[in-house]
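S.K.: Mind looking at a prediction? Sequence and model below.
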Amino acid sequence: MSRPALVPLLLFLGLAAAGCGADGSTVVMAPSSFTGLTARIDAALEDDPDWIVAGSNRLVRQLADGARADVLITADETTMAEAVAQGLVTTEPMTIATNRLVLAIAPGNPGSVTSVADLRDERLLIGLCSVEVPCGRLAAEARGRLGLQVAADTEEPNVRSLARKIAAGELDAGLIYATDAADLGLATVDDDVLRVFVTDYLAASLNGETSPVIDFLRSAQGRELLADEGFVTP
């Protein structure tokens with residue numbers, strides 16, 4: 001039976017201290033945009049891993065503070081580079097997928113959003129990710145290159161939190177990943193200018209051993225699963 005995708009805080013602390021799952025299973029730290037994937041990966045593996053799902057920067061910070069896990073997956077190269085620089089990973093990081101930025105809109109499009117230019121409209125409730133996390137850095141890059149001045153009403157700690165607020169109608173629109181929009185059934189604005197803003201997902205072992213999870217994600221079956229969720233695979 002598949003475990004819940006999000007590990008509660010107390011279980012997280014227990015895993016951090018023990019360095020493995022409660023039943024000796026593999027512990028995988030993955031970005032919040034993997035929320036909709038974990039159950040499907042579990043179903044494809046003989047031994048279900050224990051998942052710790054959070055913003056990529058938070059995962060690396062927890063590892064630096066002494067938390068232990070077997071696999072780290074980050075939603076951009078910058079965050080993985082930080083983990084490498086701190087000596088937290090034990091294998092060469094491998095690119096497993098690519099994601100892209102989209103402008104997602106609330107159900108029914110109450111703000112009548114039609115293009116990224118609408119992000120300048122101060123009458124709209126707009127959400128972004130914090131620049132500390134990959135989706136926020138990617139959005140900041142897009143805003144800079146497109147010359148967009150966005151008066152964000154909220155800056156969320158991870159992309160899933162932002163996507164859920166859009167889905168709940170708490171925001172009119174926000175810049176999130178294509179996969180999160182698809183997983184939550186959010187409509188997106190068909191604006192080609194955002195297609196060039198992409199981010200690579202990387203995976204690395206933390207225990208010096210080959211990981212079945214990484215092997216699966218790089219396999220034909222794993223790539224098909226990722227593609228089905230909206231990722232672009234190598």
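M.R.: Thanks, I have the structure now.
S.K.: mind listing what V193 touches?
M.R.: V193 sits next to 116, 146 when contact means Cβ atoms under 8 Å, 6 or more residues apart in numbering. Every C-beta, even on glycine, is put in place using the N, C-alpha and C of the backbone.
S.K.: mean confidence for the longest helix along the chain?
M.R.: In the chain, with assignment by DSSP state H, the single longest helix is helix 134-146. Averaged across helix 134-146, the pLDDT comes to 96.
S.K.: Which neighbouring elements make contact with the helix or strand just after it?
M.R.: Downstream of helix 134-146, the first helix or strand assigned by DSSP states H and E is strand 154-156. With contacts defined as 3 or more Cβ pairs under 8 Å, 6 or more residues apart in numbering; DSSP states H and E, strand 154-156 has these neighbours: strand 126-129, helix 159-167.
S.K.: Next, format the ones you listed as CSV and append mean pLDDT.
M.R.: Listed next are the helices and strands packed on strand 154-156 as CSV, based on pLDDT from 0 to 100:
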stretch, mean pLDDT
strand 126-129, 97
helix 159-167, 98
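S.K.: Roughly how far does the residue lying closest to A163 once chain neighbours are set aside sit from L186?
M.R.: Nearest residue to A163 in three dimensions, chain neighbours excluded: D180, at 4.1 Å (Cβ to Cβ, 6 or more residues apart in numbering). D180 is 8 Å from L186, where distance means Cβ to Cβ, to the nearest Å.
S.K.: just V213 next, same as before
M.R.: Counting by Cβ to Cβ, the gap from V213 to L186 is 28 Å.
S.K.: Can you pick out the residue with more neighbours from the two?
M.R.: Taking other Cβ atoms under 10 Å, V213 and L186 do not tie; V213 has more neighbours (24 against 21).
S.K.: so how far is A75 from that one?
M.R.: Counting by Cβ to Cβ, the gap from V213 to A75 is 16 Å.
S.K.: if we can go back for a sec, and for D180 and L186, which residues touch both?
M.R.: Contact criterion Cβ under 8 Å, 6+ apart; residues shared by D180 and L186: 104, 163.
S.K.: my guess is A167 meets D183, correct?
M.R.: No - taking Cβ atoms under 8 Å as the definition, A167 is not a contact partner of D183, at 9.8 Å.
S.K.: List the buried residues in stretch 201-219.
M.R.: Neighbour-count burial for stretch 201-219, counted by 16 or more other Cβ atoms under 10 Å, picks out 201-207, 211, 213-214, 216-218.
S.K.: residues contacting E224?
M.R.: For E224, no residue meets the contact criterion (Cβ under 8 Å, 6+ apart).
S.K.: Against which helices or strands is the longest helix of the chain packed?
M.R.: Helices and strands touching helix 134-146, by 3+ Cβ pairs under 8 Å, 6+ apart, are helix 77-85, strand 94-105, strand 126-129, helix 159-167, strand 173-177, strand 198-205.
S.K.: okay if I get those as JSON lines plus distance to L138?
M.R.: Shown next, in JSON lines, are the helices and strands packed on helix 134-146 (distance: least, Cβ to Cβ, whole Å):
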{"stretch": "helix 77-85", "distance to L138": "10"}
{"stretch": "strand 94-105", "distance to L138": "5"}
{"stretch": "strand 126-129", "distance to L138": "8"}
{"stretch": "helix 159-167", "distance to L138": "10"}
{"stretch": "strand 173-177", "distance to L138": "8"}
{"stretch": "strand 198-205", "distance to L138": "5"}
